[in-house]
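[1] pasting the sequence and the predicted coordinates here, then a few questions.
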Amino acid sequence: MPKLTIEDLKKIKEKTLQETALREGGHKIRITVHMGTCGIAAGAREVMDALLQELAESQRTDIKVMASGCMGMCSSEPNVTVEVEGQDPVVYQHMNPLKMRQVFRRHVLMGEVQTDFALARVKQVN
């Protein structure tokens with residue numbers, strides 16, 4: 001195995017900072033992938049991977065991605081919640097990587113809720 005150079009380490013550091021920045025900073029949109037045991041068994045890890053790839057390709061810095069535990073709806077896993085500032089959150093059910101990519105591109109980037117995949121639209125209580 002070749003030795004790492006200073007330049008190699010700088011590239012690794014920059015890549016890590018970019019990936020970390022996807023989950024930190026000022027955000028107008030929060031996407032939560034519910035990754036309890038049931039969600040992971042149903043494919044939530046692959047959904048998260050697809051989401052992170054879409055986010056990286058979009059180069060948006062105002063979107064926060066989070067993982068959380070089970071939301072108690074095991075029969076509808078994997079579940080993803082999309083929260084856009086000023087709008088009611090939307091919970092998507094039975095997600096897979098292709099559906100996640102569609103939700104990201106259409107709902108997150110274009111504002112079009114994907115009702116075919118939506119489990120619920122949660123009313124905010126002020």
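    Sure, I can see it.
[2] quick check, pLDDT for residue 103.
    Turning to residue 103, the model gives it a pLDDT of 97.
[3] who's in contact with the closest residue in space to it that isn't next to it in sequence?
    In space, not counting the residues next to it along the chain, residue 103 is nearest to residue 114; the distance is 5.2 Å by Cβ to Cβ, 6 or more residues apart in numbering. Where C-beta positions appear, they are placed from N, C-alpha and C, glycine not excepted. By Cβ atoms under 8 Å, 6 or more residues apart in numbering, residue 114 lies in contact with 92, 99, 102-103, 106-107.
[4] so residue 114 belongs to a strand, correct?
    No. Residue 114: not assigned to a strand; according to DSSP: H, G, I helix; E, B strand; the rest coil it is coil.
[5] backbone dihedrals for it, please?
    phi -90, psi 90 (degrees, to the nearest 10).
[6] would you mind measuring from it to residue 73?
    18 Å (Cβ to Cβ, to the nearest Å).
[7] before we move on, what about residue 62?
    Plainly put, residue 62 is 28 Å away from residue 73 if you go by Cβ to Cβ.
[8] comparing these two, which residue is more hemmed in?
    residue 73 (16 against 10; other Cβ atoms under 10 Å).
[9] please tell me how far the more buried one sits from residue 120.
    9 Å.
[10] on the pLDDT front, check the nearest residue to residue 97 once chain neighbours are set aside for me.
    Spatial nearest neighbour of residue 97, excluding adjacent residues (Cβ to Cβ, 6+ apart): residue 50 at 3.7 Å. On the pLDDT scale, residue 50 is placed at 97.
[11] and if you look at the one 10 residues further on?
    Reported pLDDT at residue 60 in the predicted model: 89.
[12] pretty sure residue 33 sits against residue 48.
    Yes. Residue 33 lies in contact with residue 48 (Cβ atoms under 8 Å); the separation is 4.7 Å.
[13] what do the two both touch?
    Counting by Cβ under 8 Å, 6+ apart, the shared contacts of residue 33 and residue 48 are 65, 67.
[14] pLDDT below threshold where in the chain?
    Scanning the chain for pLDDT under 70 picks out the ranges 1, 17-26, 121-126.
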